[in-house]
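Trainee: Sequence and predicted structure below; questions after.
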Amino acid sequence: MKSLGFQLGMYNFGLHVAPYDAPEVQGFLRREPLNFAAAERASGFVARSGYEGEPGPKSWGIQVFPRFIEGSGHDSGPSSLSVWADIESLMAFSYAGVHAEALKNARNWNTRNDWPPLVLWWIEAGRLPDWAQAAERLEWLHDHGAGPRAFTFKQAYGPDGAPLEIDRDRVKALIEANAPGQSDLLEQLKHLPV
């Protein structure tokens, strides 16, 4: 659903099963550039934050993590922050192609957690969220459940605060439209160990 004047913010956060440089999470690290490339080629992608001190896009503020990291033994966790034209575009990217392959293997690299893996919210078009805002939205979703301020694919809301029905036919059409732009990336995945 296109929402005039608004775009969709997305933040995800988790914890790896081992330190960032450990062999157990190398499958994740090998796929990360392919996932970023697939997102940038996807219909409806607007922008993503980079990470301070790493090549790529500029970081949207200082990267902070939700309170769920406390006591984990980790000082960082896999997370991303991006903006999309609408919820169908993000869903088409998330559950097909390169990213779907990463989701299928995520249990090998990430711990099971009791907080939501991602949070969605509406942003005025042309604005970019920062990491602190994103972490706060995930905490809010965990503490209060889905609502207009913070929601998920399963329980979505529109910019007007009303429950939102995702246009599944449009998601399918976007998956088909995105497929040709991911074919070379999917070919590369065939050669990457999990």
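Mentor: Structure received.

Trainee: any weak-confidence spans in this protein?
Mentor: Filtered on pLDDT under 70, the chain yields the residue ranges 1-3.

Trainee: mind listing the helices for it?
Mentor: 26-41, 87-94, 97-109, 131-144, 168-189 (DSSP state H).

Trainee: Quickly compare the ones you listed and say which is most buried.
Mentor: Highest mean neighbour count of the helices of the chain: helix 87-94, a mean of 24 (counted as mean count of other Cβ atoms under 10 Å). Heads up, the C-betas are built off the backbone N, CA and C, glycines and all.

Trainee: helices or strands next to that one in the packing?
Mentor: strand 6-13, helix 97-109, helix 168-189 (3 or more Cβ pairs under 8 Å, 6 or more residues apart in numbering; DSSP states H and E).

Trainee: Now render those as TSV, adding distance to residue 160.
Mentor: Formatted as TSV, the helices and strands packed on helix 87-94 follow (distance: least, Cβ to Cβ, whole Å):
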stretch	distance to residue 160
strand 6-13	9
helix 97-109	28
helix 168-189	19
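
Trainee: Show me what counts as buried in stretch 113-125.
Mentor: By neighbour count on 16 or more other Cβ atoms under 10 Å, the buried set for stretch 113-125 is 116, 118, 119, 120, 121, 122, 123.

Trainee: what's in contact with that stretch?
Mentor: The contact list for stretch 113-125, computed with Cβ atoms under 8 Å, 6 or more residues apart in numbering, reads 3, 5-15, 66, 68, 83, 87, 90, 129, 134, 137-138, 140-142, 149-153, 156, 158-159.

Trainee: just stretch 75-84 next, same as before
Mentor: Contacts of stretch 75-84 (Cβ under 8 Å, 6+ apart): 7-16, 20, 28, 39, 44-49, 60, 63, 65, 69, 90, 93, 109-110, 123, 128-129, 131, 134.
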